[in-house]
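Visitor: sequence? don't have it. structure:
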């Protein structure tokens with residue numbers, strides 16, 4: 001029997017928006033110094049709105065669940081709002097996550113912020 005919260009199990013087993021994206025507006029990456037887990041976030045943006053977000057994650061079920069929730073949270077939102085998303089917001093959706101796995105949400109947000117930074121750099 002798993003000790004993962006139900007929401008984590010659901011997202012880990014059937015993640016939303018998992019996969020690469022053809023011709024993304026920006027790609028963000030995050031990892032632990034070249035070690036797993038590794039997260040890649042793809043954004044398709046029109047104007048200042050994220051129309052589509054997908055991810056690839058190489059890691060545990062918690063990493064996959066955090067990325068899945070992240071993509072659901074940002075689609076249809078402004079790029080500016082995406083830049084303010086916190087790991088705590090993802091964890092609030094997923095429920096009780098063990099302290100030693102909460103870094104998975106931070107990794108997902110780090111990849112998102114990397115993509116947002118690339119969008120902002122391109123706009124300037």
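Guide: Yep, it's here. These figures come from a predicted structure and were not determined experimentally. Numbering: from 1, shown residues only.

Visitor: can you map out the helices along the protein?
Guide: For the chain, the helices defined by DSSP state H occupy 6-13, 61-74, 79-82, 87-94, 103-123.

Visitor: what's in contact with stretch 116-124?
Guide: Stretch 116-124 is contacted from outside by 25, 26, 27, 28, 43, 45, 79, 82, 83, using C-beta atoms under 8 Å, 6 or more residues apart in numbering. Quick note: C-beta positions are derived from backbone N, CA and C, even for glycine.

Visitor: Just say which of the helices of the chain is most tucked in.
Guide: Among the helices of the chain, helix 61-74 has the highest mean neighbour count (mean count of other C-beta atoms under 10 Å), at a mean of 25.

Visitor: Could you check the angle it makes with helix 87-94?
Guide: 100 degrees (axes from the mean of the first three to the mean of the last three C-alpha atoms, to 10 degrees).

Visitor: name the helices or strands packed onto helix 61-74?
Guide: Contacting helix 61-74 under the criterion 3 or more C-beta pairs under 8 Å, 6 or more residues apart in numbering; DSSP states H and E are the following elements: helix 6-13, strand 35-46, strand 49-58, helix 87-94, helix 103-123.

Visitor: one more time with 10 Å
Guide: Secondary-structure packing of helix 61-74 (3 or more C-beta pairs under 10 Å, 6 or more residues apart in numbering; DSSP states H and E): helix 6-13, strand 35-46, strand 49-58, helix 79-82, helix 87-94, helix 103-123.

Visitor: Quick one: closest of the ones you listed to residue 70.
Guide: Distance to residue 70, taken as C-beta to C-beta, is lowest for helix 103-123 among the helices and strands packed on helix 61-74, at 4.6 Å.

Visitor: which residues touch residue 21?
Guide: Counting by C-beta atoms under 10 Å, 6 or more residues apart in numbering, residue 21 touches 27, 40, 41, 42, 43, 44, 52, 53, 54, 55, 56.
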